[in-house]
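Trainee: from the sequence below, what's the structure:
(chains A and B)
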Amino acid sequence: MSSLFGTLSIALSGLSVSQQEMESTSNNVANANTPGYTREVAETVPGDPIEIGALSVGTGVVLEKIESLRDPMLQIQINQATQQNSSLNSSLTQLQQIQTQFASSSSGIGADISNFFNSLQQLSPDPSSLTLRQAVLTAASNLATDFNSASESLQAQRDSIDQNVVQSVAQVNSLTSQIASVEQQISNIRSIDQNPGTLVDQQNSLIQQLSGLVDVQVIPTDQGITLATSNGTTLVSGTQSYALTTEAGNDGVQHILDGQKDITSSLTGGSLAGLIQIRDQEIPSIGTSLDQLAGGLATSLNAANAEGTDLNGHVGDNIFAAPPANDVGAAGTMTVTMTDPSLLAASSDGSVGSNGNLANLSAVADRALANGQTPIDAYATLVGQIGGDTSNTSADADSSGMILQQLNDQNGSVSGVSLNEEAANLIQYQTAYQAAARVVSTVNALLTDTINLGLGAAVS
Amino acid sequence: MRVNPNSMPDLLAALNQTELEQQQASLQLSTGKSVNAPSDNPTAAALLVENNDEATFTSGSLQSLSAVQGQLSTADSTLSSVTTSLQQAISLGIEGANGTESAADQAAIVVQLQGIQSQLISLANTTYQGNYLFSGTATGTAPYAANAGDPSGVTYSGNSDTNQIAVGNGYQVTVNVPGSQLFSASGNSVFLAVNSLIIALQTNTGIPTAVNALNSASSYLSAQRVLYGNAMSETTSETTYLSTAKLQISQQQNTLGGADMAAAATNLSQSETDTQAALAAMGKMSQDNLFNYL
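Mentor: Okay, here's the model as predicted:
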């Protein structure tokens, strides 16, 4: 036998569940623009029925849980795509800065090389002219200056990347410690069997930020999450975070240490990997090419000058300071040491009017100096290489950006708050609430009727 | 299927893209170049370095050719004057050789010949831009000085070296003929011939022989002068060749790195339209949702 009070209690469960559903809708709407927020849905189940004789009677509705809708696989893919994209983007920014120095074909080192050999050609019809000789020394000095400044700006860029690396490591440490402290809160909530919903959102958002810096992998364990880089360095284990440190190495740049272990070159994703790739690979490689070219030119031109005699009939002296051993740092230290134009050894027979040795000096333009190439070819190859690296990185960054965008879209389709959907839900919950309220008022009327049964004066 | 309710990031990315295209198109229009950074076209950027080198080399060759041409034509016209003077000397010799002249006339001829002799020395000491043209590579030293003690009446202080100028790829022009080859060549020395004629007239012996010797020395000099003529015609044809090459190099530069202005202008207006469309889409979106109708 069912009772009116039973009906009232069912209506009450409807009221209360509708209210909670409206609460989660309201929370979704409020967080519609919160980054990393995952929409929540209230999951309801029918109350356990009670058996009355042969009848099974429902007991209303029960709110089972409020669930955040997220796809963990997608989250992992987003983290990986973020790591790749950040790495490429940070490389690209640096490469674009590098290539500005090699952008012009009518100025810079390439044009300086052409102009230097041209100045020798201009001297050739009138080898004793001091004006034309001075023009050769000026062209040599322009060449040296541009080698110096290219080398200096590469070094300056390397220094600024170095500072950036230190700052990024500090950011990594701050993020890992936040992730660990959120993990502590999550485990507290889980221990009392509650939904840590927004805390997980917060943690995921922090992990995604961390993915922008390093290649981090999330390994779920019984003790909570573990974060490790792909080389196996643990950054967070459960509620404990491990800080990375930086230390200046013998090579003049900051190294990243996990305890005593140097992990600098084993980072494969995130902006740190991109920065380190430029700092430790790209810039040194360009620097070496410039050094070989500068050193090769200085050595060969000095040697060619020594084959002839100057205006005083003496064997030609060095035009450039002798480059350092193995040309290491030759571009940065290239200097014209010859100050007196009459010392240029144009003559091959000791006479002032002979231009015979200018042919030896000019021949350096056609000699294989760096990487088996003539000076201008070596420089052109370098420009092509820098341009190619930049353009490839740019294309890769574009495509990884698109992948990331698609993944974010996909994630949004699962977890994003749709205001239309929330409005529709709200109507539904509101209607359900109103209906439940109507049931309550109907039961109330029925109860009144029941109380007033057989009485003359009505109780209202 | 549920779609991503937040399409703003996609639209922002699209807007970024169209703005980037707009920037690239307007950069091309303002610089007139399609390669503004090596990454725009790495191969073309490398080739442009080579192209600039060739352009510098070609312009430089043209410039040095023009300097050489000045030197060559000065030398050639000097030799033309030398030839004229030698013709005069030969006429005077023939006059003195016919045996009808009085002693006074003979003496007058000798004086005229001595004038020609010093004129020849001065012509042989011609300079171009401060450099002696006929002293070999010892261009700082006057090649000839009068020396009565020498059978030729002069001393040669130059050397026998020549200078070559490289113009164009692997092409060389010899730009000078030393005095030792032109004026005082062994067996064909014009100075010796002129001085011998003077002595012959003074002693009145062997005048016809001396005239013949002068004649042959003069012919030899004319033959040597052809070297200058050849060098001049070589430099002229090389100049023509290099001017054509220069034009081709500049055309090549334009092909490699010049912007297609029409395409850039079209791209610019296209990207402007795209930007407006993206902006309009962003303005319209998210303003309307179901809540507005409740």
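Trainee: could I get the buried residue list for stretch B:14-23?
Mentor: B:14-15, B:17-18, B:21-22 (16 or more other C-beta atoms under 10 Å in any protein chain shown). In short, each C-beta sits where N, CA and C put it, glycine included.
Trainee: actually, stretch A:165-179.
Mentor: For stretch A:165-179, a neighbour-count test (16+ other C-beta under 10 Å) marks A:165, A:168-169, A:171-173, A:175-179 as buried.
Trainee: stretch A:350-369 now?
Mentor: Result for stretch A:350-369 [16+ other C-beta under 10 Å]: buried residues A:350-362, A:364-365, A:369.
Trainee: would you map the strands across the chain?
Mentor: Assuming you mean chain A. Counting by DSSP state E, one finds strands in chain A at the ranges A:40-46, A:50-52, A:55-57, A:61-68, A:216-221, A:224-229, A:234-237, A:240-241, A:245-248, A:254-258, A:261-262.
Trainee: try chain B instead
Mentor: B:127-128, B:131-132, B:144-146, B:154-156, B:164-166, B:172-174.
Trainee: so for B:Val35, which of those strands sits nearest?
Mentor: strand B:164-166 (30.8 Å; C-beta to C-beta).
Trainee: what sits up against the closest one?
Mentor: Residues from elsewhere that reach strand B:164-166, judged by C-beta atoms under 8 Å, 6 or more residues apart in numbering or on different chains: A:121, A:124-125, A:355-356, A:359, A:362, B:64-65, B:68, B:172-175.
Trainee: likewise stretch A:318-333?
Mentor: A:137, A:140, A:144, A:147-148, A:150-152, A:155, A:287, A:290-299, A:301-302, A:305-306, A:334-338, A:344.
Trainee: same deal with stretch B:265-274?
Mentor: Against stretch B:265-274 from outside (C-beta under 8 Å, 6+ apart): B:14, B:18-19, B:21-22, B:24-26, B:28-29.
Trainee: pull the distance from that stretch to the chain's centre.
Mentor: 47 Å (C-alpha atoms, centre = their mean, to the nearest Å).
Trainee: ok, A:Val352 - contacts?
Mentor: Each residue near A:Val352 by C-beta under 8 Å, 6+ apart is listed here: A:127-128, A:311, B:137-140.
Trainee: also A:His255?
Mentor: Counted by C-beta under 8 Å, 6+ apart, A:His255 has contacts A:246-249, A:262, A:264.
Trainee: of these - the most surrounded one?
Mentor: A:Thr264 (20 neighbours; other C-beta atoms under 10 Å in any protein chain shown).
Trainee: okay, residue 47: pLDDT?
Mentor: All of this refers to chain A. We have a pLDDT of 90 for A:Gly47.
Trainee: other chain: chain B
Mentor: 95.
Trainee: would you mind listing the residues in contact with the closest residue to it other than its chain neighbours?
Mentor: Closest residue to B:Leu47 apart from its sequence neighbours, by C-beta to C-beta, 6 or more residues apart in numbering or on different chains: B:Leu256 at 5.4 Å. Contacts for B:Leu256 (C-beta under 8 Å, 6+ apart) come out as B:35, B:44, B:47-48, B:51.
Trainee: how about low-confidence regions in the stretch 101-250 of chain B?
Mentor: B:169 (pLDDT under 70).
Trainee: show me which residues of it sit near chain A.
Mentor: B:129, B:131-132, B:135-140, B:159, B:161, B:163-166, B:175 (C-beta under 8 Å from any C-beta of the partner chain).
Trainee: pick out the residue closest to the middle of chain B.
Mentor: Closest residue to the average C-alpha location of chain B: B:Leu65 at 1.6 Å, with C-alpha atoms, centre = their mean.
Trainee: typo on my end, it should be chain A
Mentor: A:Ser86 (2.1 Å).
Trainee: list the buried residues of stretch A:272-282.
Mentor: A:272-280, A:282.
Trainee: just the mean pLDDT for that stretch, thanks.
Mentor: Mean predicted confidence for stretch A:272-282 is 95.
Trainee: now do stretch B:257-270
Mentor: Mean predicted confidence for stretch B:257-270 is 92.
Trainee: flag every buried residue along it.
Mentor: B:257, B:259, B:264, B:267-268.
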